[in-house]
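Chemist: Task: produce atomic coordinates for the following.
(one chain, ligands or ions: 1)
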Amino acid sequence: MNRSVVVGAAQLGPIARSESRADVVDRLIALLSEAHRAGCELVVYPELALTTFFPRWYTEDSDEIDGYFERSMPGPETSRLFDEAARLGIGFCLGYGELTPTGEHFNTQILVERDGSVVGRYRKVHLPGHEEHEPWRRFQHLERRYFDPGPDGFGVWKAFGGVVGMAICNDRRWPETYRVLGLQGCEMALIGYNTPIHYAPDPSQDSLAGFHNNLVMAAGAYQNGMFVVGVAKGGVEEGVDGLCQSQIIAPSGQVLAQCITNGDELAAARCDLDWCARYKKTLFDFDRYRRPEMYRLIVDQVGVVVPPHAR
Ligand code: CDT
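Modeler: Okay, the predicted model is just below:
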């Protein structure tokens, strides 16, 4: 059985605050058409792909914030995307703000199969930034104010002929994300992101944003024998420069395809899912080599505790 899948990383350039959902969906569909011409079976869009990255602004107006969220998926503005993708026989992964019927707000990503059915939903686990207005920053990063932490953990789904997992933006910096996916046999992790290049708590990291982006995703891919598809919304959005460099990474850690602009762009690659076994069954044969009894601190402890003998 051929287990290769052609994947498109559908990077988005900036989305202005004033841009309507209809305009954004037009852009998503344009990338879908390009993906169809490139032979893609799966298209991955960024985190919060339907709006500007609103956590950069502080507000106490909950109606204003709720305006950035979707109450249903597909909804009135997004059903066109679902219809067109199903017509073309392309599946997709889409990040958006999810407002549940009980009033919870999640930073969510869904996985849609080629027939238009939603096969998976992931709600962001690691929420970065801060809760309160911090006027000293050039811009805010208020994900911890506007989103509830995802309660479901990192799941995988049988889709596109393999085992597919999802994570969102800051999750990609944490090795636990990939390992929990890897322990469930994940062969391809789909990760949307919005990464401001300026990091206010330590601006010395600004010039390393691209390096760190590849470092964490390539390490996660290699150490778990999986493909990683990282997709940005970047460019200068409402005055804030966001990292682009969307990339498709092989289980070897090598980059198969990468976007080169700061705008809407598709990078595509054929991913042979059987390639994962080369790593999963050799160097990273978890069954044979892992020593979980030696890793207890990882689940028993959150922060750093220096043992008394090392103080
Ligand atoms: N969207 C997102 O998670 N961005 C974070 C920014 C961290 S700085 C507050 C990231 O890890 O890229």
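Chemist: Would you mind listing where the chain has pLDDT under the threshold?
Modeler: Along the chain, segments meeting pLDDT under 70 span 1.
Chemist: Up against the ligand, what does it have?
Modeler: Contact residues, the chain versus the ligand (CB under 6 Å from any ligand atom): E47, P128, G129, H141, C169, N170, R173, Y193, N194, T195, Y199. C-betas here are computed from N, CA, C, even on glycine.
Chemist: can you rerun that using 8 Å?
Modeler: The chain comes close to the ligand at residues 47-48, 53, 55, 107, 124, 126-130, 141, 143, 168-173, 193-196, 199-201, 213, 243, as judged by CB under 8 Å from any ligand atom.
Chemist: Buried ones from those, can you make that a PyMOL selection?
Modeler: Selection of the buried residues among the residues of the chain next to the ligand in PyMOL, burial being defined by 16 or more other CB atoms under 10 Å:
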select buried, resi 47+48+53+55+107+124+126+127+129+130+141+143+168+169+170+171+172+173+193+194+195+196+200+213+243
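Chemist: Out of the residues of the chain next to the ligand, name the ones that lie in helices.
Modeler: Using DSSP state H, E143, N213 are the members of those that sit in helices.
Chemist: So which of the residues of the chain next to the ligand sit within strands?
Modeler: N107, I168, Y193 (DSSP state E).
Chemist: phi, psi of V7?
Modeler: When read as degrees, to the nearest 10, the backbone of V7 gives phi -110, psi 140.
Chemist: and it, what is it in contact with?
Modeler: Counting by CB atoms under 8 Å, 6 or more residues apart in numbering, V7 touches 40-44, 188, 227, 229, 248, 268-271.
Chemist: F82: which element?
Modeler: F82 is part of helix 79-88, with elements assigned from DSSP states H and E.
Chemist: Mind giving me the packing neighbours of that helix?
Modeler: When contacts are defined as 3 or more CB pairs under 8 Å, 6 or more residues apart in numbering; DSSP states H and E, helix 79-88 packs onto helix 21-37, strand 91-99.
Chemist: residue ranges for the helices of the stretch 201-311 of the chain, please.
Modeler: Here the stretch 201-311 of the chain has its helices, by DSSP state H, counting those that start in this stretch, at 209-224, 275-280, 286-289, 296-300.
Chemist: Just the buried residues of the longest one, please?
Modeler: Taking 16+ other CB under 10 Å as the neighbour-count basis, helix 209-224 is seen to contain the buried residues A209, N213, N214, V216, M217, A218, A219, G220, A221, Y222, Q223, N224.
Chemist: Stretch 94-109 now?
Modeler: Of the residues in stretch 94-109, L94, G95, Y96, G97, E98, L99, H105, F106, N107, T108, Q109 count as buried by neighbour count, 16+ other CB under 10 Å.
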